[in-house]
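Peer 1: Next one to model:
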Amino acid sequence: MKNEITVTGTIKNIKTYTNDRGTMLTGWFDQRDISRTSDGTADRTVYVVGMNIVALDDSTVGDIIGASKAGTEVTLPITVTGRMVTRFDRRPGIAQKDQRPPVLQLEVHSVEVHA
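Peer 2: Coordinates of the predicted model:
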């Protein structure tokens, strides 16, 4: 698919919503890395990027839920592939000045879990 990105990290704050069209999953993707000192030794974990995610395909939703650690809100390390999309506030009857700002999110198309 055109304009796909692939990132590795964890997903937290997972929520699912089900209706007659299927199940939708939302969450927060979190990527961290280990910083290195000038001699190459590991120093500390640093925050790289975080973004909203959404998954609309039932198999992708199942893969993400399956990667969740038992008893925690965070998944195992996971590689997701998808595309960046912008979500706009399209609620009817809301004046433009009262609308929420646009939100950039990753629409997940495939998942690879790292055990």
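Peer 1: Could I get the full set of strands for this structure?
Peer 2: Secondary structure of the chain by DSSP state E: the strands cover 5-19, 22-36, 42-55, 78-87, 103-113.
Peer 1: CSV for those strands, including distance to G62?
Peer 2: (Glycine included, C-beta is placed from N, CA and C.) Below are the strands of the chain laid out as CSV (distance: least, Cβ to Cβ, whole Å):
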stretch, distance to G62
strand 5-19, 10
strand 22-36, 9
strand 42-55, 9
strand 78-87, 13
strand 103-113, 9
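Peer 1: export the ones you listed to CSV and tack on mean pLDDT and mean neighbour count?
Peer 2: Shown next, in CSV, are the strands of the chain (pLDDT from 0 to 100; neighbours: other Cβ atoms under 10 Å):
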stretch, mean pLDDT, mean neighbour count
strand 5-19, 91, 14
strand 22-36, 89, 16
strand 42-55, 89, 14
strand 78-87, 92, 16
strand 103-113, 92, 17
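Peer 1: my read: R32 touches R44, true?
Peer 2: No. R32 is beyond contact range of R44, at 10.0 Å (criterion: Cβ atoms under 8 Å).
Peer 1: Quick check: G27 vs T37, distance?
Peer 2: Using Cβ to Cβ, to the nearest Å, one gets 33 Å for the distance from G27 to T37.
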